[in-house]
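# Just to be clear, the model below is a prediction. Sequence and coordinates:
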Amino acid sequence: MRSLTKGSPLKVILLFAVPLFIGQLFQLFYSLVDTRIVGSILGDSALAAVGSTTSLCDLLNNLLNGFTNGFAIIIATNFGAGNERLMKNAIAGTVILTISIAVSISVIGTVAMPAVLSLLNVSPELYNDCASYLRIITAGLLAGALYNMLASILRAIGDSFTPLIFLVISTVLNVILDYSFIRFLNTGVAGAAFATVLSQLVSAVLCFIYMYKKYPKLHLSKDNFAQSKPLFGKMLSTGASMSFMISFVHIGTVALQTSINTFGTNIIVAHTAARKATSIFMLPFSVFGTTLATYCSQNYGAREYNRIKTGIKDTVLVTFVWCTGVIIIANVLSPVIIKAITATSEPEVIQTATTYLRINTALYYVPAVICLFRQSMQGFGDNITPLISSSMELIVKVLVAVLLAPAIGYTGIMISEPIAWVIMVIPLCLSMKNFFKKYIH
């Protein structure tokens, strides 16, 4: 257990963020390897099938992750305030709510899958592979939810290193299983889905065993579960706010995917590759955002408001340095990056993905601020403004999918996110200014 309420704000934030960064790098590494394995062994059609459902899989996973991260804010706030009883009650509530929500989403997702694939405009030649992949991922959502729940609890009490260990184990196992299922067992794209679910389950079990032995203070009693019920309202409010905030972003991405899936295999593969590269480029945004959520919630519980301001300001400056480097890399090395991700030599794929990356990275300073401010606000209890901002992004992406993409093609998709970023950053900046005015004199 480690408090983030003492010491140099930037140093504390960086020490907490580094394991998160490495962990997410491993996740991205697996995602890239998965893309490479599917593309090189099964071909572009199989890769397009996986790519056609990627936005929906991300939506489901992030819907659950949003809840667990939101629940962790309540845990972190009570940890920062030194209230061990309420902290343990919040952990018990997190267990109950996470399992209930994960099972519910799996059931709903399985039942609604045919209708969802129809809405995604999945082409007939890709339909069977898409359905096979999505069916397994949806059924196995609980495995990923359990791991993320345990990881979020550890991060709430200041331990961001332990989740990294089990994430590395999961990633390595994922790659081994992925290649084995596809290459030797001839399972097709279903093998990639099985590998993901099994590796997540293993990491969840190992993480639980470690936590049980390492942190006796986290052991829960029947009373903790009974006394967690009064916290359900607050936890669901915070969890739903963070979940919907993230989900609005991904629902918008799913809306765009409905248009992308009508542009043909080359465009689908190009977009899939560009989004993989984007995940790498934007990695520090999500890492520092997650860090600030815990940092701000602990310091808010301890009433260290000046530390909140200093931490946010320093983190924004560090992230801006990263953005500058990314812009240079995107303009110089995008074709090389796309070839490495897809294993393709198709000129249309490489050129389309390269153009996408050069357009998007030009305004990366804006989504950096968005990610940092949204998570910080969740940390100090503002559940409304991040939702307003995310809903603006959703509206823009839906409008693009319905109006702009049919009119000007894939170019409309490429410019949609920069337009949304400029609009959605406005309420966040205004709300952050009001927070500083209210608490810092």
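Alright, I've got the coordinates. From a predicted model like this one, the values you see are computed outputs, not experimental measurements.

# Give me the residue ranges of the chain where confidence is low.
1, 30-32, 34-35, 39, 43-44, 51-52, 55, 249-250, 253-254, 441 (pLDDT under 70).

# Nearest the middle, which residue of it would you pick?
Centroid-nearest residue in the chain, with Cα atoms, centre = their mean: residue 62, separated by 5.3 Å.

# if I look at it, how far off is residue 390?
Distance, residue 62 to residue 390, using Cβ to Cβ, to the nearest Å: 12 Å. C-betas here are computed from N, CA, C, even on glycine.

# just residue 315 next, same as before
Taken as Cβ to Cβ, the span from residue 315 to residue 390 is 20 Å.

# Residue 141 - how many residues pack around it?
Close neighbours of residue 141, defined as other Cβ atoms under 10 Å, add up to 25.

# Quick one: residues contacting it.
Shown in contact with residue 141 (Cβ atoms under 8 Å, 6 or more residues apart in numbering): 60-61, 64, 102, 105-106, 109.

# what's the nearest residue to it if we skip its chain neighbours?
residue 106 (4.8 Å; Cβ to Cβ, 6 or more residues apart in numbering).

# now residue 356
Residue 356 sits nearest to residue 274 (Cβ to Cβ, 6+ apart), 4.2 Å away.

# just checking, that neighbour touches residue 351?
No. The criterion here is Cβ atoms under 8 Å, and residue 274 misses it with residue 351 at 11.1 Å.

# who has more neighbours, the two?
Set residue 274 next to residue 351 and count neighbours by other Cβ under 10 Å: residue 274 wins out with 26 against 15.

# and the more buried one, helix, strand or coil?
Three-state assignment for residue 274 (DSSP: H, G, I helix; E, B strand; the rest coil): helix.

# got the contact list for it?
If you count contacts by Cβ under 8 Å, 6+ apart, residue 274 has them with 338, 352-353, 356-357, 360.

# repeat that for 10 Å
Each residue near residue 274 by Cβ atoms under 10 Å, 6 or more residues apart in numbering is listed here: 334, 337-338, 341-342, 349, 352-357, 359-360, 413-414.

# so which of those residues comes closest to residue 169?
When the contacts of residue 274 are ranked by distance to residue 169 (Cβ to Cβ), residue 341 comes first, at 24.2 Å.

# Can you tell me how far the residue nearest to that closest one when sequence neighbours are not counted is from residue 127?
Closest residue in space to residue 341, ignoring its immediate chain neighbours: residue 273 at 4.7 Å, by Cβ to Cβ, 6+ apart. In this view, residue 273 and residue 127 are 22 Å apart by Cβ to Cβ.

# Looking at these two, which is more packed in?
Taking other Cβ under 10 Å, residue 273 and residue 127 do not tie; residue 273 has more neighbours (31 against 16).

# Test my guess that that one contacts residue 350.
Yes. If you go by Cβ atoms under 10 Å, residue 273 and residue 350 touch, sitting 8.6 Å apart.

# Please enumerate the shared neighbours of the two.
Taking Cβ under 10 Å, 6+ apart as the contact rule, residue 273 and residue 350 both touch 334, 337-339, 342, 344.

# farthest pair in those?
Longest distance between any two of the shared contacts of residue 273 and residue 350 is 14.0 Å, between 334 and 344; criterion Cβ to Cβ.

# residues shared between the contacts of the two?
Common neighbours of residue 334 and residue 344 (Cβ under 10 Å, 6+ apart) are 273, 350, 353.

# quick one: which of these is nearest residue 329?
Checking the shared contacts of residue 334 and residue 344 against residue 329 with Cβ to Cβ, the nearest one is residue 353 at 14.2 Å.

# who's in contact with the closest one?
Residues in contact with residue 353, defined by Cβ under 10 Å, 6+ apart, are 266-267, 269-278, 334-335, 337-339, 341-342, 344.

# thought residue 9 was touching residue 313?
Yes. Between residue 9 and residue 313 there is a contact at 8.8 Å, judged by Cβ under 10 Å.

# So between the two, which is more surrounded?
residue 9 (23 against 13).

# now the helices for the stretch 151-300 of the chain?
Under the criterion DSSP state H, counting those that start in this stretch, helices of the stretch 151-300 of the chain are mapped to 162-179, 189-214, 222-227, 232-260, 265-281, 283-301.

# Tell me which of these lies nearest to residue 78.
Checking the helices of the stretch 151-300 of the chain against residue 78 by Cβ to Cβ gives helix 283-301 as the closest, at 6.5 Å.

# Report all helices and strands that the closest one contacts.
Judged by 3 or more Cβ pairs under 10 Å, 6 or more residues apart in numbering; DSSP states H and E, helix 283-301 is in contact with helix 9-37, helix 44-80, helix 141-156, helix 232-260, helix 305-342, helix 365-379.

# ok now it, how far from the chain's centre?
Relative to its chain's centre, helix 283-301 lies at 14 Å (Cα atoms, centre = their mean, to the nearest Å).

# Provide a list of residues in contact with the nearest residue to residue 285 once chain neighbours are set aside.
Nearest residue to residue 285 in three dimensions, chain neighbours excluded: residue 371, at 3.9 Å (Cβ to Cβ, 6+ apart). Residues near residue 371 by Cβ under 10 Å, 6+ apart: 282, 284-290, 292, 319, 428.

# same deal with residue 407?
Residue 407 touches residue 400, counting by Cβ under 10 Å, 6+ apart.

# gap between it and residue 198?
Distance of residue 407 to residue 198, computed by Cβ to Cβ: 44 Å.

# From residue 291, how far out is the residue nearest to residue 285?
In this view, residue 371 and residue 291 are 11 Å apart by Cβ to Cβ.
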